[in-house]
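Novice: fold the following.
(chains A, B and C)
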Amino acid sequence: MAISVKVMRRPEVGRTSYMRATLKGMSLTFKHMVNPTKVTLQYPEDQPDLHPRWRGTHRMEVHADGRPKCVACGLCPTVCPANCIRLVGGEDDQGNRYPIVYEIDEFRCIFCGMCQEVCPVEAIHVGRHFENAEYSRDRFVYDLDRLMEQDHPTTLLWDPSDSRSE
Amino acid sequence: MHEMNELSTFWFVTIGAIKVLAVFTVVMVVVAYMTLAERRVSAFIQDRLGPNRVGPFGLLQPIADGLKNIIKEETMPGTAAKLYFVLGPALAIMPAVVTFAVIPFAAPLPTPVGTVDMVVADVPIGILYILALSSLAVYGIVLSGWASNNKYAFLGGLRASAQMISYEVALGLSVIAVLLLIGNVTLTEAVWQQQQLGMWFILPLSLAFIFFLISALAETNRLPFDMPEAESELITGYHTEYSAMKFSMFFIAEYAHVVTASGLLATLFLGGWDIPFWTGDDMFRHETGWIRGFDAAGAPIPATPSVLITLLTLGAFCVKTGFFLLLYIWIRWTLPRFRYDQVMHLGWKIMLPGSLGYIMLVAGTMLVLDQLGVPFGLLYGGVLTVVSGITTLAFIFFVDRDRVIGGAHRKIKVARRHVPAAPKSPGGPAASS
Amino acid sequence: MTEIFFILFAVVALGGAVGVVISRTPIASLLFMVATLASVAGIYVLFEAHFLAAIQVLVYAGAIMVLFLFVIMLLNLGHDYRADLRFGLWSLLGFVVVGLTFGVLAQGFLDVGDTGFREDGAAVAAALDAAVQEQGVAGVIAEPLFTDYVVAFELMGLLLLVAIVAAVVLAKPRSRSGES
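Specialist: Down below sits the predicted model:
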């Protein structure tokens, strides 16, 4: 959507008007007043169309058996510019690495989406979701379980059909 | 002849109290719903929906707002003059709620104990009462602006007082044209004379109507004249430091003023509770009883008050007042704010001489008509309508096309004239630098 | 009932008048003055002089006092009032003038005596009532004002005009010599 600029030219001296301009303005506002098409989105009932690249609340992808896909490689806390991810990795009997602690402070997060870009196994994602109000501040530190519970659509950081897009 | 059927003292007092309560309640409810209407209409004008969540169509919104304002914390600036800070909102709201008392809102109502005037107090000074009390309204604003000890609030208060003085003159003078036609100052008489003239005063006194409308906008501090609370310049002016219910009081006062002004406009210029094209509702307290008019010989024709007529006329009054309320909102969301010097210019240099000249014109026309022996009726009104119509058109033509009020470019033009001519350098601006 | 209201208004009027003199801030003085004027208007209402009451409130309490307020706020902010309260020759003169005025007024009241009414009072009142019936209150006030006292009325207007012109001259920034 291109931004268009409409230049309103000041009327020349001796050509401005008051009464007529007022009446003209009032007829314009009246037209809008009775115009039935309104731009208001009735929010909780009607949800806004979020863009595919909207970056919001995080979620963690899970395997079919319910384990997190994260391999605790440590790339996301390293790349995170806001330093909001806390990761403590561990290793099980088979030598698979998994996160013991994985926390994201949603207050510090700047939703740049770098964690999703850098993740080698596509485990952590930013989501197309913004309704994360809570009653207390400590609820904004999302732990692993909370991240795995999230079920909103994830962000497409690039358009797969367009190879030239980033 | 129909008996006067006067009330006894006991019933006069009782019914008076009931009327006071009823009118006060209705005005307050209308004020509450004006805030909702303001928000809804402004939203519609801007292609939005406005508050529609609390109750059906948002109808419970004013109650929610009131509750919020009551339970909010009252703040008091540390350096404020405490007594005056508290006194301010009270002084602002007091004149606003009592002015509606003299506006008649329906035809007389017959009751088993006598016929009741549908006006809280039919005082013999009618319009003067409204003018006097509304002129006191500015104290609340000025005082709160001063007591806040805040320069923006203070400037708002100063602007309010200057604006109030300026436009009160024009308001009073435009009312005088109406009073000339009524020959009295009571508002019941205003309604009666419009019924007698056979037309509403908006026609024979069209220019007075325009002046009154503009002055009323200025007196109630509504856009485009809301200088005292100009957000872009003074934060919110005189009520910058107020919160919760004290802030709410200013709002109630402003809207109560709007309601009163609308009722007054309807009464003075749109016939009050008169139903158009129907003489059956005409009614007036004559010395012989309730009368509907005078026959050809000048003898009074008695009228019979009835509940149906009272209800119908009440409806007519509500429709007319509602129209002006809507007009107020509509104008507010159409016009931008005037610049302060333009407000003063309009008040003193256009409205004042304009309304003075108009009084002369109306009085002169009436003198000629009276000398010719034209009876007070359609012909009388018709002549005045033609004269006023021509004057109004001439006035609009005169004011229009910035012959009188200069826009921003006129300022620039004036400023340029005073700037000494810069020495011309041969190479133009590039060479001089 | 009327007496109660009269006493109420009288107390407020007198108290306000005292308040005007003893208040520390000019704004408070002004508000006391408004209270006094409004109470006097109330007393007018008790005398059934509604028109006069409305004019009193409209002109004095409403317009002139607002103008006063405006001027006080513009000019007198942070002004130390104590400088005006020094006793000197002028205040002595003031006391003398006030005392004399009060004495003359008291003498006048004492001369009237107990009755306080003219002998033909009833006839005058009846004539006034008839005039009010015929012309309305405004007519009764306006007619002598614009006929018998028209010269005095116009002179008052002229006086106010002179005052306004003087105020404009005083308020205008003085043009420096050499400036065209």
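Novice: C-alpha only now, for contacts and for neighbours.
Specialist: Noted.
Novice: show me what the lengthiest helix in chain A is packed up against.
Specialist: Counting residues, the longest helix found in chain A (DSSP state H) is helix A:19-34. Contacts defined by 3 or more C-alpha pairs under 8 Å, 6 or more residues apart in numbering or on different chains; DSSP states H and E place helix A:19-34 against helix B:9-45, helix B:307-332.
Novice: ok, which of the ones you listed comes nearest C:Gly157?
Specialist: Nearest to C:Gly157 among the helices and strands packed on helix A:19-34 is helix B:307-332 (37.5 Å), distances taken as C-alpha to C-alpha.
Novice: still on that earlier bit, most packed of the helices and strands packed on helix A:19-34?
Specialist: helix B:307-332 (a mean of 19; mean count of other C-alpha atoms under 10 Å in any protein chain shown).
Novice: next helix or strand past that helix?
Specialist: Next in sequence after helix B:307-332, counting helices and strands by DSSP states H and E, comes helix B:340-345.
Novice: run the chain-centre distance for the longest helix of chain A.
Specialist: Its chain's C-alpha centre and that of helix A:19-34 lie 40 Å apart, by C-alpha atoms, centre = their mean, to the nearest Å.
Novice: just after that helix, pick out the following helix or strand.
Specialist: Following helix A:19-34 in sequence, per DSSP H and E, is strand A:58-60.
Novice: give me every residue in chain C lying close to chain B.
Specialist: C:50-51, C:54-55, C:57-59, C:61-63, C:66-67, C:70, C:73 (C-alpha under 8 Å from any C-alpha of the partner chain).
Novice: could you save those residues as a markdown table and add columns showing distance to A:Lys31, secondary structure and pLDDT?
Specialist: Shown next, in a markdown table, are the residues of chain C next to chain B (distance: C-alpha to C-alpha, whole Å; DSSP: H, G, I helix; E, B strand; the rest coil; pLDDT from 0 to 100):
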| residue | distance to A:Lys31 | secondary structure | pLDDT |
| --- | --- | --- | --- |
| C:His50 | 48 | helix | 80 |
| C:Phe51 | 47 | helix | 82 |
| C:Ala54 | 44 | helix | 83 |
| C:Ile55 | 45 | helix | 83 |
| C:Val57 | 44 | helix | 84 |
| C:Leu58 | 41 | helix | 82 |
| C:Val59 | 44 | helix | 82 |
| C:Ala61 | 45 | helix | 79 |
| C:Gly62 | 41 | helix | 76 |
| C:Ala63 | 41 | helix | 77 |
| C:Val66 | 42 | helix | 78 |
| C:Leu67 | 43 | helix | 77 |
| C:Phe70 | 42 | helix | 76 |
| C:Met73 | 45 | helix | 73 |
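Novice: tell me which element the residue lying closest to B:Thr35 once chain neighbours are set aside is part of?
Specialist: The spatial neighbour of B:Thr35 that comes closest, neighbours along the chain excluded (C-alpha to C-alpha, 6 or more residues apart in numbering or on different chains), is B:Pro62 at 7.1 Å. Per DSSP H and E: B:Pro62 is located in helix B:61-71.
Novice: what does the worst-scoring helix or strand of chain A on mean pLDDT contact?
Specialist: Here the helix or strand of chain A ranked lowest by mean pLDDT, DSSP states H and E is helix A:19-34, holding a mean of 85. Applying C-alpha atoms under 8 Å, 6 or more residues apart in numbering or on different chains, the external contacts of helix A:19-34 come out as B:41, B:44-47, B:330-331, B:333-335, B:396, B:399-400.
Novice: kindly export it (C-alpha atoms) in PDB.
Specialist: C-alpha atoms of helix A:19-34 as PDB (Å, rounded to 0.1, in the frame of the first residue of the first chain):
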ATOM      1  CA  MET A  19     -20.000  30.600   6.100                       C
ATOM      2  CA  ARG A  20     -20.000  28.700   2.900                       C
ATOM      3  CA  ALA A  21     -16.900  26.700   3.900                       C
ATOM      4  CA  THR A  22     -18.500  25.800   7.200                       C
ATOM      5  CA  LEU A  23     -21.700  24.600   5.500                       C
ATOM      6  CA  LYS A  24     -19.600  22.600   3.000                       C
ATOM      7  CA  GLY A  25     -17.700  21.000   5.800                       C
ATOM      8  CA  MET A  26     -20.900  20.200   7.700                       C
ATOM      9  CA  SER A  27     -22.400  18.500   4.700                       C
ATOM     10  CA  LEU A  28     -19.200  16.500   4.300                       C
ATOM     11  CA  THR A  29     -19.300  15.400   8.000                       C
ATOM     12  CA  PHE A  30     -23.000  14.600   7.700                       C
ATOM     13  CA  LYS A  31     -22.300  12.300   4.700                       C
ATOM     14  CA  HIS A  32     -19.800  10.500   6.900                       C
ATOM     15  CA  MET A  33     -22.100  10.400   9.800                       C
ATOM     16  CA  VAL A  34     -24.900   8.600   7.900                       C
END
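Novice: which stretches of chain C aren't confidently modelled?
Specialist: C:75-87, C:112-119, C:173-180 (pLDDT under 70).
Novice: make it 50
Specialist: Filtered on pLDDT under 50, chain C yields the residue ranges C:178-180.
Novice: in it, where's the longest helix?
Specialist: helix C:121-146.
Novice: what is the three-state secondary structure of A:Val126?
Specialist: strand (DSSP: H, G, I helix; E, B strand; the rest coil).
Novice: gap between the closest residue in space to it that isn't next to it in sequence and A:Ser27?
Specialist: The shortest distance from A:Val126 to any non-neighbouring residue, by C-alpha to C-alpha, 6+ apart, is to A:His58 (4.3 Å). A:His58 sits 49 Å away from A:Ser27, going by C-alpha to C-alpha, to the nearest Å.
Novice: comparing these two, which shows the higher neighbour count?
Specialist: For A:His58 versus A:Ser27, the count of surrounding residues by other C-alpha atoms under 10 Å in any protein chain shown is larger for A:His58: 29 against 14.
Novice: list the contacts for the more buried one?
Specialist: Residues near A:His58 by C-alpha under 8 Å, 6+ apart: A:Ile124, A:His125, A:Val126, A:Gly127, A:Leu147, A:Gln150.
Novice: and the gap between it and B:Leu346?
Specialist: Distance from A:His58 to B:Leu346, by C-alpha to C-alpha: 60 Å.
Novice: do the same with A:Val101
Specialist: Taking C-alpha to C-alpha, one finds A:Val101 at 72 Å from B:Leu346.
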